[in-house]
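S.K.: next one to model:
(chains A and B)
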Number of protein chains: 2
Amino acid sequence: MERAIVLLSGGMDSSTLLYTEARMKGAGNVLALIFDYGRLKHDGEFHSREVEAAIAVAEHASVSYRFIQIGSLPSCPLTTSAEQIPDQSAGRQVDTVVPGRNTILLSYGLAYAQSLGERATVFFGACSEDDLSYPDCRESYVEAMSFAFMKASEDKVEVKAPFVNWTKKEILQKGLRYGVPYSLTYTCYRGRELSCGLCDACVERIKAFQDVGVTDPLEYENEPHWSGCVAYDKEF
Amino acid sequence: MERAIVLLSGGMDSSTLLYTEARMKGAGNVLALIFDYGRLKHDGEFHSREVEAAIAVAEHASVSYRFIQIGSLPSCPLTTSAEQIPDQSAGRQVDTVVPGRNTILLSYGLAYAQSLGERATVFFGACSEDDLSYPDCRESYVEAMSFAFMKASEDKVEVKAPFVNWTKKEILQKGLRYGVPYSLTYTCYRGRELSCGLCDACVERIKAFQDVGVTDPLEYENEPHWSGCVAYDKEF
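M.R.: Numbers count the residues shown, from 1 in each chain, chains lettered A, B, ... in the order given. Purely as a prediction, here's the structure:
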C-alpha cells in the first residue's frame, strides 16, 4: 500500500484530510506531520493551541505523528503579535501569509516520505477559499510542487491537495459523513484557549457550519448564531 | 537591483557562488543563508565545522547572513555518526543523502526572498559531480523547483544553480580568478577540525585542486600529494 504523509495543522481542512486518508488507506499507512512554526502560545504553554489540536486529532485517528519544530522563519503577524489580527468585520486587510511556510512544510513531507524508502504521497489541505489570498494554495502551485518532488525523489514522492477546488462547506459535509471529531480541531488565528469567533479564520469556519446547517461543537468567546442549525451529534 | 539569496554550506561550490554573486550584484544585495541541519559537532562546540566555515566565508565577503536551525529531519549517516563515513578508497557505497535537505533549504530561501518583498533569486551551488548521486542536484530538479517557486510567489522568486553543469575544476578555476578565500572553506564529511583527506568529499576537492594545478590551502590530516602544483598564493 502506498503511504500517505499528511500535513496536519489541527484545523478543519487538514483534519478532514487526515481522517479520510486514514479511512481509505488504513491508519497504519498514514503519518501525520505536526509543525510548530512559531505560532503564538499562551503564557507558560509549551505548544500553541493549534498544535495541541493537531496532536489530539492525530491521536484520535490512531495515526502516528512526528512533531516538527520550524525555527528561523522571517517574522510576520501570525508569529509576532496577536494584536495584529483584526476582526473580519473591521474590513482591514491582514497579512496572514507566513512567507514560504507551505513550501517548507511540504519539503519536510518530502523528507519523511523519502525516509520511508517507498512510494508515498504528501497530502495537504489547501481549499478553494485559500486560493484567493495564498498563491501557495492554488492548484497550479500544488501541481508544480508535485512535479518538483517527483524530480527530487526519482518519481517516488508526489504531492496532492484533494480539496484544492472544494469549498469549506463541501469539506465539512464530507468530514461529517466520516465522523471527523470537529470538537478537537482549532481554526482561530488568535491562538487563545477559546476560539474568538471574529477573526477571518473563525468567520470562515462558522459560515461553513451555518451553510451545512449544523452547530459547530467548538465553544466560542463570541458565540455565533446557530438558528436553523441542527445540533452536532458526535460526542468525542 | 534584483536581490540574491545564496544557500551557503561553507564548501567550495557555494562559497564560490557567494563570492561571484557578491562581486556581480554588490555585497549589499546578497543575503547568505547558513543552515545547521544537525551535522556532527565536536565535543563542546556550538556549531558544526561546516557552519563555522560558512560564517567565516560570509563575513569575509561582507555579505549579511542568517543562521537557520533545521530541526527534526529524519536521521541519516551524515547527521548520526562519523564512523559511518568510509574513506573513498574503501569503495563502499555510503548514503550521504540527507532526505529532502536541498528542498527544505531552498524553501527557506523562498521564505527569505518573499520577506524582502521584491524580485529575488535563490542560488544554490549544485555542480555536475553532484548529479550522479543526488537527484535533487540535477538541472531538471532545479528547473522544476524554480517553476514551483514562481507559482508560490506570483512570479517574484526563482531558483538558479549556475554551476549545475560545471565540474568542480571549472568552479575552482572561476573562484581562483575571483579571489575566493578557499582557506576558509570546509568540505570534509567527517566534521573534525582538520579535513580528513580520505572521504568522498575530500577526495573530490583535492582532485579539483590537483586538476587545476594549485595546492589546496587547507591543512589535511592525511596530506595529499601536491607534486606539480603551484602554491596557493592568496593569503587570508
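S.K.: nearest residue to A:A148 other than its sequence neighbours?
M.R.: B:A144 (3.8 Å; C-beta to C-beta, 6 or more residues apart in numbering or on different chains). Yep, even glycine has a C-beta here, placed from its N, CA and C like the rest.
S.K.: point out where chain A drops to low pLDDT.
M.R.: Applying pLDDT under 70 to chain A flags residues A:39-46, A:76-84, A:91-97, A:234-236.
S.K.: what does it put close to chain B?
M.R.: Counting by C-beta under 8 Å from any C-beta of the partner chain, the residues of chain A close to chain B are A:66-74, A:76, A:99-104, A:106-108, A:110-115, A:135-136, A:138, A:140-141, A:144-145, A:147-154.
S.K.: which of the residues you listed count as buried?
M.R.: With burial judged by 16 or more other C-beta atoms under 10 Å in any protein chain shown, the buried subset of the residues of chain A next to chain B is A:67-68, A:70, A:72-74, A:76, A:99-104, A:106-108, A:110-115, A:135-136, A:138, A:141, A:144-145, A:147-153.
S.K.: among these, which lie within helices?
M.R.: Members of those lying in helices (criterion: DSSP state H): A:101-104, A:106-108, A:110-115, A:141, A:144-145, A:147-152.
S.K.: still on that earlier bit, just checking, the residue nearest to A:A148 touches A:V159?
M.R.: No - B:A144 lies out of contact with A:V159 (C-beta atoms under 8 Å); the separation is 11.8 Å.
S.K.: just give me the neighbour total for A:G117.
M.R.: 10 (other C-beta atoms under 10 Å in any protein chain shown).
S.K.: ah, wrong one, I meant A:D87
M.R.: 17.
S.K.: what are the phi and psi values at the residue lying closest to it once chain neighbours are set aside?
M.R.: Leaving aside its chain neighbours, A:D87 sits nearest to A:L198 (4.0 Å; criterion: C-beta to C-beta, 6+ apart). Backbone geometry at A:L198, expressed as degrees, to the nearest 10, gives phi -120, psi -20.
S.K.: how many neighbours does A:L198 have?
M.R.: Around A:L198 there are 22 residues (other C-beta under 10 Å).
S.K.: cool, A:S128 as well?
M.R.: 17.
S.K.: distance check, it against A:Y186.
M.R.: As for A:S128, its distance to A:Y186 is 21 Å (criterion: C-beta to C-beta, to the nearest Å).
S.K.: A:R3 too?
M.R.: 26 Å.
S.K.: cool, A:A148 as well?
M.R.: 31 Å.
S.K.: and A:D211, by the same measure?
M.R.: For A:D211 relative to A:Y186 (C-beta to C-beta), the value is 20 Å.
S.K.: okay, those two: which has more neighbours?
M.R.: A:Y186 (26 against 15).
S.K.: secondary structure element for the more buried one, which one?
M.R.: Using DSSP states H and E, A:Y186 sits in no helix or strand.
S.K.: check contacts around the nearest residue to it once chain neighbours are set aside.
M.R.: Spatial nearest neighbour of A:Y186, excluding adjacent residues (C-beta to C-beta, 6+ apart): A:A53 at 3.6 Å. By C-beta atoms under 8 Å, 6 or more residues apart in numbering or on different chains, the contact list for A:A53 reads A:10-11, A:15, A:184-186.
S.K.: again with A:E223
M.R.: A:G197.
S.K.: any idea how far the residue nearest to A:Y186 lies from chain B?
M.R.: According to C-beta to the nearest C-beta, to the nearest Å, A:A53 and chain B sit 19 Å apart.
S.K.: is it true that that residue lies in a strand?
M.R.: No - per DSSP: H, G, I helix; E, B strand; the rest coil, A:A53 lies outside any strand segment and is helix.
S.K.: correct me, but the residue nearest to A:D87 touches A:I85?
M.R.: No - taking C-beta under 8 Å as the definition, A:L198 is not a contact partner of A:I85, at 9.3 Å.
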